[in-house]
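1. Give me a 3D structure for the following:
(one chain, ligands or ions: 2)
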Amino acid sequence: MERVVIRHIRLRLRTPFVTALGAEDQRDIIIVEVHGEGHIGYGEVPVMAKPVYNEETVVTAWHVLNDFFVAAVLEGRVAHPFDAARLLSVYHGHAMAKAGLEGAVWDLWARRRGQPLSRALGGFQRRVPAGVAVGFAETTDELLRRVEAYLGQGYRRIKVKIEPGRDADVVAAVRRRFPAINLAADANGSYRWADADALRRLDKFGMSMLEQPLPREDLLGHARLQKVLQTPICLDESISSVRHAQQALALGSGRMFNIKAPRLGGLTEALAVHDEAVAAGVPVWCGGMLETGIGRAHNVALASLPGFTLPGDLSASERYWVEDIVHPPFALDEEGFIPVPDGPGIGVEVDRDRLEALTVRQRVHGRPK
Ligand code: OSB
Ligand code: MG
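-> Ligands and ions are numbered 1, 2, ... in the order given. The predicted structure is shown next:
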């Protein structure tokens with residue numbers, strides 16, 4: 001590893017994404033490049049505009065990467081991406097910043113071995129089922145139009161966003177119009193135990209899961225809630241380490257996990273959560289954070305592992321961007337699956353000109369060219 005480049009890039013989502021956490025329209029994120037032996041490995045830090053999903057923002061990620069994390073990895077001995085994960089594990093929090101750097105190390109490592117990232121992670125599924133997360137819309141008609149369009153594009157699972165006061169009506173409208181689809185809802189932690197009755201009213205819609213109803217710290221609350229709900233609870237924000245996954249499994253806090261490497265501090269921790277879930281017989285799916293093609297490539301590679309049996313928030317590039325930063329862009333096949341790239345590393349080509357054009361600022365660490 002000779003050089004690390006930290007780039008803050010800015011790009012606009014095709015349409016704003018509105019959830020219980022607020023609205024995202026402009027994405028200010030960080031792309032990490034790890035250069036070595038003529039190759040470049042890429043990672044992504046998909047922070048939200050405000051610290052509402054976790055504590056991170058583009059400014060905190062810029063700080064910890066440039067002031068601590070890059071030096072720790074450049075000065076450490078990294079023979080395998082596990083070493084990068086271990087070097088970063090002494091620092092608290094800042095999972096997305098860690099994941100961006102560790103992910104770039106994984107990509108570089110796989111490229112040097114001429115191996116697809118999916119294979120380097122132990123994944124053999126050649127395509128992964130695509131689902132889509134649909135944000136709040138201004139009107140029910142607008143929401144139904146969007147859902148219909150996604151179903152027409154082949155998506156195999158629709159996840160709507162809910163929050164107190166905007167739940168049963170949303171779910172009921174989609175269910176009435178599309179009685180047979182795989183339908184789920186994500187609350188992003190916006191409910192409290194006192195709202196359990198409102199959540200129980202969602203049971204009758206036959207949803208495949210209810211994602212993160214309660215605040216992320218509340219593993220006990222989720223266990224208590226799962227006992228009074230038929231709909232399986234899926235944990236997202238609550239699982240920020242393999243320890244949380246073990247505790248959630250022991251407590252019965254949910255019946256499935258959404259695995260996101262950025263939330264977990266990297267692919268190494270994501271693999272550990274996957275393995276715990278598989279051992280416990282708990283199904284998992286791969287979540288998303290409105291990533292560019294770089295983060296999406298990491299997600300698709302991860303989702304090729306055997307425990308990922310459910311459709312993830314793995315959507316086509318065009319669902320987010322007018323133009324992605326990778327070629328070819330991610331797209332669904334005729335049956336609503338995304339093919340896992342089989343070239344070395346992330347397996348898609350990064351558009352260097354576009355990356356430069358989107359760069360707001362960059363810092364170069366290590367040996368200059
Ligand atoms: O809770 O899963 C979530 C996006 C940003 C932050 C949190 C979440 C999401 C999504 C969108 O639901 C998933 C995607 O399509 O990337
Ligand atoms: Mg979620």
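
2. beta partners for whichever residue of the stretch 51-200 of the chain sits closest to ligand 1?
-> Relative to ligand 1, the nearest point of the stretch 51-200 of the chain is residue 133 (3.6 Å; CB to the nearest ligand atom). For every residue, glycine as well, the C-beta is placed using N, CA and C. With DSSP bridges as the criterion, residue 133 is bridged to residue 159.

3. Quick check, pLDDT for it.
-> pLDDT for residue 133: 98.

4. mind listing what it touches?
-> Contact partners of residue 133, counting by CB atoms under 8 Å, 6 or more residues apart in numbering, are 17, 159, 161, 186, 288, 313, 315.

5. Quick check: residue 307 touching residue 274?
-> Yes. Residue 307 lies in contact with residue 274 (CB atoms under 8 Å); the separation is 4.9 Å.

6. who touches both of these two?
-> residue 284.

7. Spell out which residues of the stretch 101-250 of the chain are next to ligand 2.
-> Within the stretch 101-250 of the chain, the positions adjacent to ligand 2 are 186, 211, 236 by CB under 5 Å from the ion.

8. Tell me how far the last one lies from residue 346.
-> This points to residue 236. 23 Å (CB to CB, to the nearest Å).

9. Which one of these two is surrounded by more residues?
-> Applying other CB atoms under 10 Å to residue 236 and residue 346 shows that residue 346 carries more neighbours, namely 30 against 22.

10. give me the residue from the stretch 201-350 of the chain nearest ligand 1.
-> Nearest residue of the stretch 201-350 of the chain to ligand 1 (CB to the nearest ligand atom) works out as residue 288 at 2.4 Å.

11. Let me know the helix or strand that that residue is in.
-> According to DSSP states H and E, residue 288 maps onto no helix or strand at all.

12. okay, now it: neighbour count?
-> Per other CB under 10 Å, the neighbour tally for residue 288 reads 21.

13. do the same with the one 4 residues further on
-> Residue 292: 25 surrounding residues under other CB under 10 Å.

14. Which pLDDT value belongs to the residue nearest to residue 28 when sequence neighbours are not counted?
-> Spatial nearest neighbour of residue 28, chain neighbours left out: residue 58 (4.4 Å); criterion: CB to CB, 6 or more residues apart in numbering. Per-residue confidence at residue 58 stands at 98 (pLDDT).

15. Nothing else from me, thank you.
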